[in-house]
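Novice: sequence first, then the predicted structure, then my questions.
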Amino acid sequence: METSTAYQSYLNVMQNYQTTQGRKDYQAPFAESFELIYSKAQEEDIKLSNAKNFLESLSKSELRTLQKYSGLADSINVNSLSAEGAYNLLMHDNEQYDFDGNGTAEVGIGKHILPVPKNMPADVQEAYISAMNSLSDKDKLMAMTLTFDPAHLDSVINNKAYTPTNMDYNYLKNRVENMLNPQNGGYTSVEAKESITAFWNAFDAAYTGDKTQSSQTQSEENSAVEKFLHDLRTKGAAKFLSDLNQEKIDKMVEEYKQKLIDEMGDSPEAMEKIAKLVDEFKKNLIEEMKEKMEEELKNKDVNSVKIDTFIMTMLNNMQEEETKPLEKLLQSKN
C-alpha cells in the first residue's frame, strides 16, 4: 500500500466514514472474492508502481470480480489503465485516492469524486463525516452535491490546471444557503431542501460542538498549566523539585500523548509514531528538569537566591508573546 503522508492521513480520516447501505448491498455478492484479491495485493505490497503488473497476473474471473465490485460497466483492460486507476481497483472504497490531484480518483477507467474531499480542513472533515454517517442514503447522496467543486468543472471545460477550492465551514455554509434559497431563477425541490437541511443541522451541531469541547478542553489545560507555573513561583526551586514526583510527570506525558492522538489519529501506524514521540518527550522532560535544577543547585551556596531568580526568568520567557501556557510548554516537543 502507498505510504505517503498525505495518503495515510486521508486513510486515517476515512476510517470512520460509512458508505451508503445501497453501496454495501450492491458489493455484498462480490465482497468475499474481492477480499481474497485484496489480501493477495497486500501481501504483494501493491503500490502505484506495481499495481498494473499485479492486475496482469490475475485470472479473468478475478478481473471480473474487481469489475463488478467497483461497479464498472465494461470488462477491465489492464493496458488502458493509469497507475492510479489500477491501484484504486485493488482498494476498498474508503482507500481510493486522487493521487495526481486532478479532482477525481480514477478507479479502473472510471473517475470518481472522493466521498470526503481532500481539500477540506481536518476539523471540517471530522464534522462532515459525523453528519454524513447520521443521514439516510437519500439525504447522504443529496448532501454530497455540496462538495462538487466548481473549480474542477472549470478546469475540464477550459482545459486548464485544477486549483482545488478550500471547502471550509463558510464554503459549505454558503453552498447550503444557495441550495435552500436559490437566486436568479434557480430552483431546489422540496425533497432536496429537506435533505440539505438534515445535513446542515447535523454538520453544524457536530462542528460547533467540537469547537465548544475544544474550547473547554483548552481552558482546562490552561488552568492545569497555570497551576504548574504558580507552584514553581511560590514553592521555590528546591521544594518544587521534591514535589515533582512521577505522577505529575506522567500526567504531563499523558496530556502530550492525547494532543498527538487528536492531531494524528489513532491508527496503528499513527500510534506507533506517537509512542516514539511520547517516549522522547518524557525522556527530554526529565533530563531538562534534572539538568537545569542540578546546575542551579550547584550554585546555591554561592547565592541562595539565584535558584528562584533563574526559575522566575524562565517562567517569564515562557509567557512572552501572549502564548497559551500549554502550547508554550510543549512547543519544543511538537
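Specialist: Yep, it's here. Owing to the predicted nature of the structure, the values given are computational and were not obtained by experimental measurement. Residues are numbered from 1 along each chain as shown.
Novice: can you name the next helix or strand after the helix or strand harbouring K24?
Specialist: Following DSSP states H and E, one finds K24 within helix 21-43. Helices and strands here follow DSSP H and E; after helix 21-43, the next one along the chain is helix 51-56.
Novice: which residues are contacting that next one?
Specialist: By Cβ atoms under 8 Å, 6 or more residues apart in numbering, the list of residues contacting helix 51-56 from outside reads 41, 44, 46, 63, 66, 76, 78, 81, 83, 86-87, 89-90. (Glycine included, C-beta is placed from N, CA and C.)
Novice: quick one: buried residues of the helix or strand following that helix?
Specialist: Downstream of helix 51-56, the next assigned helix or strand under DSSP H and E is helix 60-70. Within helix 60-70, the residues that count as buried by 16 or more other Cβ atoms under 10 Å are 62-63, 65-67, 69-70.
Novice: just the CA trace of helix 60-70, in CSV.
Specialist: The C-alpha trace of helix 60-70 is given here as CSV (Å, rounded to 0.1, in the frame of the first residue of the first chain):
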residue,chain,number,x,y,z
LYS,A,60,-10.3,-13.4,-16.0
SER,A,61,-12.5,-14.4,-13.1
GLU,A,62,-10.6,-12.2,-10.6
LEU,A,63,-10.7,-9.3,-13.0
ARG,A,64,-14.4,-9.8,-13.4
THR,A,65,-14.7,-9.6,-9.6
LEU,A,66,-12.9,-6.3,-9.5
GLN,A,67,-15.1,-5.0,-12.3
LYS,A,68,-18.3,-5.9,-10.5
TYR,A,69,-17.1,-4.9,-7.0
SER,A,70,-16.1,-1.5,-8.3
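Novice: now do the helix holding K24: which elements does it pack against?
Specialist: helix 60-70 (3 or more Cβ pairs under 8 Å, 6 or more residues apart in numbering; DSSP states H and E).
Novice: output the below-cut-off pLDDT ranges for the stretch 151-300 of the chain.
Specialist: Residue ranges of the stretch 151-300 of the chain with pLDDT under 70: 210-248, 289-300.
Novice: let's go with 80 and repeat that
Specialist: Where the stretch 151-300 of the chain drops to pLDDT under 80, the residues are 210-251, 253, 268-269, 282-300.
Novice: now do the closest residue to L72 other than its chain neighbours against G101, distance only.
Specialist: Among residues not flanking L72 along the chain, G108 sits closest, at 4.8 Å (Cβ to Cβ, 6 or more residues apart in numbering). Applying Cβ to Cβ, to the nearest Å, the value for G108 to G101 is 19 Å.
Novice: so how far is the first residue of stretch 144-162 from its last?
Specialist: Taking Cα to Cα, to the nearest Å, the first and last residues of stretch 144-162 lie 20 Å apart.
Novice: list the buried residues for it?
Specialist: The neighbour-count check on stretch 144-162 (16+ other Cβ under 10 Å) flags 144, 146-147, 149, 152, 155, 162 as buried.
Novice: T188 should be in a strand, yeah?
Specialist: No. Read with DSSP: H, G, I helix; E, B strand; the rest coil, T188 is coil and lies in no strand.
Novice: relative to N16, how far out is it?
Specialist: T188 is 29 Å from N16, where distance means Cβ to Cβ.
Novice: do E288 as well
Specialist: 37 Å.
Novice: ranges for the helices of the stretch 101-250 of the chain?
Specialist: Per DSSP state H, counting those that start in this stretch, the stretch 101-250 of the chain carries helices over the ranges 122-133, 137-143, 150-157, 169-180, 190-235, 237-243, 246-264.
Novice: packing partners of the last one?
Specialist: Contact analysis of helix 246-264 by 3+ Cβ pairs under 8 Å, 6+ apart lists helix 268-298, helix 325-330 as its packing neighbours.
Novice: surely R64 meets D74?
Specialist: No. R64 is beyond contact range of D74, at 11.3 Å (criterion: Cβ atoms under 8 Å).
Novice: identify the residues contacting D139.
Specialist: So D139 contacts 194-195, 198-199 (Cβ under 8 Å, 6+ apart).
Novice: could you redo the last one with a cut-off of 6 Å?
Specialist: By Cβ atoms under 6 Å, 6 or more residues apart in numbering, the residues touching D139 are 195, 198.
Novice: per-residue confidence at it?
Specialist: pLDDT recorded at D139 is 95.
Novice: from N88, how far out is F99?
Specialist: Distance from F99 to N88, by Cβ to Cβ: 9 Å.
Novice: and those two? which has more neighbours close in?
Specialist: Between F99 and N88, counted using other Cβ atoms under 10 Å, the more crowded position is N88 (26 against 18).
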